[in-house]
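1. Provide a 3D model corresponding to the input given below.
(one chain, ligands or ions: 1)
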Amino acid sequence: MDYDIIIIGAGPAGLCFARALAETGLEIALIEKQKEAVLAAPPYDGREIALTHLSHKTMGELGLLDKIPDEDISLIRDAQVLNGKSPYALYFDHEDAGEDNLGFMISNHMIRKAAYEVTKGFKNIHLMTGKEVSGVETDDTQGQITLKGGKKLTAKLIIAADSRFSQARDMMGISASKLDFGRTCIVCRMGSELPHDYTAYECFHYDRTLAILPLNNNNVSVVITLDSSEREDVLGLSDAEFGRDTAQRAEERFGAMNLIGKLHSYPLMAVYANSFYAQRFALIGDAAVGMHPVTAHGWNLGLKGACTLASEIKEALHTGGDIGGASHLRRYHLQHRKNTRPLYLGTNALVKLFTKDNIPARMARRALLRLGNHIGPAKRLIMNQLTENNKVA
Ligand SMILES: Cc1cc2nc3c(=O)[nH]c(=O)nc-3n(C[C@H](O)[C@H](O)[C@H](O)COP(=O)(O)OP(=O)(O)OC[C@H]3O[C@@H](n4cnc5c(N)ncnc54)[C@H](O)[C@@H]3O)c2cc1C
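-> Numbering: from 1, shown residues only. Reported below is the predicted structural model:
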């Protein structure tokens, strides 16, 4: 056997999973198709990740926060959800959450860089970069991966952390529910003329949704979702046109807005694997659950799942069990399903409701915002999901 565990994909999920197990002494191979230079200095990809308190705490425990300068961590103090041009908003106040802020914002490339830095120093973590996995198979004693070029490696357990388009998941015959929204997400960083007061805005216009999330230095992260047929029109705007258009769609709340850097676009597809494990094999991160970004939970759930599986493996080591055995993998599967399924289904339902432009959908949206504001338990449920601190009683 070459290794105890082979992880396919050194994105944030694969790296944090390896880091969570680093001190167990397990021999772990982490295989990534990108070059090491990209992992060490990932380029800015437009994604600013909204983190819950739980994720912030976990990233602290794994050492990632020590690698991220304070000025690169912004706070989300409060949040508002708006429906079209209606002045009525659903408010989320940090005081109701029993915290100084609802959540945190960190750029995805900073998370990736920090995850690489906290993982690379361990002698038992063998990072192989510039290597693509082209085959995976398992039997009741071991798992085997094949690299492009033909080299084969074996381990007691194979983990796929190779994105929502996971080929390893397909190669292991695990089906996944896929929901193609036919929409595109355009993200960028912008400067704002007026103060944002560290408030996140989610504006559901009928043709587009526009999220504006606070960043330090009065910058904001802009997340636009639109029909994919409009993608090229928006990407083709000049910086000045894009700035004016976004400021107008944000109802001039931020005054003039100017683009910093360039626009990045992502096709919107939600993916939910029908099982998170198979024989000596498990899925983590987006390979297990690829969320629509509107509720900003993809990475929060990915990190939680990586830690849940790492705990199961530590438990197996503790009790002298088999780290690739079905009982621990099944426990992870059940727990992660419980943690993710309601949010996944709820997010998809919300997306459908807020993109339909018929009268029943408009009425349902209006009712939902009012219910959210006036029905305590509904608001508490959303607040607990936003913060994951369980302080909202
Ligand atoms: C626009 C946008 C905004 C988002 N905002 C938020 C947010 O606010 N909050 C939040 O919690 N989440 C957010 N997310 C989700 C978050 O970005 C993802 O959940 C997270 O990045 C997934 O990490 P991962 O490691 O699972 O996958 P990835 O980051 O996709 O990494 C997969 C890795 O596997 C490698 N790989 C793939 N195939 C192979 C192979 N065959 N061999 C070797 N290596 C391979 C890839 O090169 C890559 O490095 C957002 C996502 C998007 C698109």
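2. hey, where'd the strands end up in the stretch 101-250 of the chain?
-> 103-107, 125-129, 133-138, 143-147, 152-160, 176-192, 199-204, 209-214, 219-227 (DSSP state E, counting those that start in this stretch).
3. using a markdown table, please lay out those together with mean neighbour count, mean pLDDT and distance to Ser327.
-> The C-beta positions use only the backbone N, C-alpha and C, and glycine is treated the same way. As requested, these are exported to a markdown table (neighbours: other C-beta atoms under 10 Å; pLDDT from 0 to 100; distance: least, C-beta to C-beta, whole Å):
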| stretch | mean neighbour count | mean pLDDT | distance to Ser327 |
| --- | --- | --- | --- |
| strand 103-107 | 23 | 96 | 35 |
| strand 125-129 | 18 | 98 | 26 |
| strand 133-138 | 18 | 98 | 16 |
| strand 143-147 | 20 | 98 | 17 |
| strand 152-160 | 24 | 98 | 13 |
| strand 176-192 | 18 | 95 | 23 |
| strand 199-204 | 22 | 87 | 41 |
| strand 209-214 | 23 | 92 | 41 |
| strand 219-227 | 22 | 94 | 40 |
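4. between those strands, which gets nearest to Leu259?
-> strand 176-192 (5.7 Å; C-beta to C-beta).
5. what's the offset of that closest one from the middle of its chain?
-> Distance of strand 176-192 from its chain centroid, counting by C-alpha atoms, centre = their mean, to the nearest Å, is 12 Å.
6. now stretch 121-135
-> Remark: stretch 121-135 is offset 23 Å from the chain centroid, using C-alpha atoms, centre = their mean.
7. JSON lines for the strands of the stretch 101-250 of the chain, including distance to the ligand?
-> Compiled in JSON lines, the strands of the stretch 101-250 of the chain are given as follows (distance: least, C-beta to the nearest ligand atom, whole Å):
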{"stretch": "strand 103-107", "distance to the ligand": "8"}
{"stretch": "strand 125-129", "distance to the ligand": "9"}
{"stretch": "strand 133-138", "distance to the ligand": "4"}
{"stretch": "strand 143-147", "distance to the ligand": "8"}
{"stretch": "strand 152-160", "distance to the ligand": "8"}
{"stretch": "strand 176-192", "distance to the ligand": "5"}
{"stretch": "strand 199-204", "distance to the ligand": "10"}
{"stretch": "strand 209-214", "distance to the ligand": "8"}
{"stretch": "strand 219-227", "distance to the ligand": "6"}
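8. distance to Ser311 added to those strands, as JSON lines?
-> Listed next are these as JSON lines, based on distance: least, C-beta to C-beta, whole Å:
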{"stretch": "strand 103-107", "distance to Ser311": "23"}
{"stretch": "strand 125-129", "distance to Ser311": "18"}
{"stretch": "strand 133-138", "distance to Ser311": "22"}
{"stretch": "strand 143-147", "distance to Ser311": "20"}
{"stretch": "strand 152-160", "distance to Ser311": "14"}
{"stretch": "strand 176-192", "distance to Ser311": "24"}
{"stretch": "strand 199-204", "distance to Ser311": "31"}
{"stretch": "strand 209-214", "distance to Ser311": "31"}
{"stretch": "strand 219-227", "distance to Ser311": "32"}
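9. so Pro195 makes contact with Asn218?
-> Yes. Pro195 is within contact range of Asn218, at 6.2 Å (criterion: C-beta atoms under 8 Å).
10. compare neighbour counts for the two and give me the winner.
-> Asn218 (14 against 11; other C-beta atoms under 10 Å).
11. do any residues in the helix or strand hosting Trp299 lie close to the ligand?
-> In the assignment (DSSP states H and E), Trp299 maps to helix 298-318. Yes. Counting by C-beta under 6 Å from any ligand atom, contacts between helix 298-318 and the ligand involve 298-300, 302.
12. so which of those sits lowest on pLDDT?
-> Among the residues of helix 298-318 next to the ligand, Gly298 carries the weakest pLDDT, at 93.
13. give me the number of residues near that residue?
-> Residues lying near Gly298 (other C-beta under 10 Å) number 22.
14. any idea how far it is from Thr347?
-> According to C-beta to C-beta, to the nearest Å, Gly298 stands 10 Å off from Thr347.
15. and if you look at Ala18?
-> Applying C-beta to C-beta, the value for Ala18 to Thr347 is 28 Å.
16. and the two? which has more neighbours close in?
-> Counted by other C-beta under 10 Å, Ala18 and Thr347 do not tie: Ala18 has more neighbours, with 29 against 20.
17. before we move on, back to that, who wins for proximity to Val234 among the strands of the stretch 101-250 of the chain?
-> strand 176-192 (5.8 Å).
18. how about the closest one as PDB, C-alpha atoms only?
-> Extracted as PDB, the C-alpha positions of strand 176-192 are listed here (Å, rounded to 0.1, in the frame of the first residue of the first chain):
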ATOM      1  CA  ALA A 176     -25.600  13.200  -8.600                       C
ATOM      2  CA  SER A 177     -28.700  15.400  -8.900                       C
ATOM      3  CA  LYS A 178     -27.700  18.300 -11.100                       C
ATOM      4  CA  LEU A 179     -29.700  21.500 -11.500                       C
ATOM      5  CA  ASP A 180     -28.600  23.700 -14.300                       C
ATOM      6  CA  PHE A 181     -30.200  27.100 -13.700                       C
ATOM      7  CA  GLY A 182     -29.400  28.300 -17.200                       C
ATOM      8  CA  ARG A 183     -27.900  31.300 -15.400                       C
ATOM      9  CA  THR A 184     -24.500  32.900 -14.900                       C
ATOM     10  CA  CYS A 185     -23.000  34.500 -11.900                       C
ATOM     11  CA  ILE A 186     -20.800  37.600 -12.600                       C
ATOM     12  CA  VAL A 187     -18.600  38.600  -9.700                       C
ATOM     13  CA  CYS A 188     -16.200  41.500  -9.100                       C
ATOM     14  CA  ARG A 189     -14.800  43.900  -6.600                       C
ATOM     15  CA  MET A 190     -15.900  47.500  -6.700                       C
ATOM     16  CA  GLY A 191     -15.200  50.800  -4.900                       C
ATOM     17  CA  SER A 192     -18.200  52.600  -3.400                       C
END
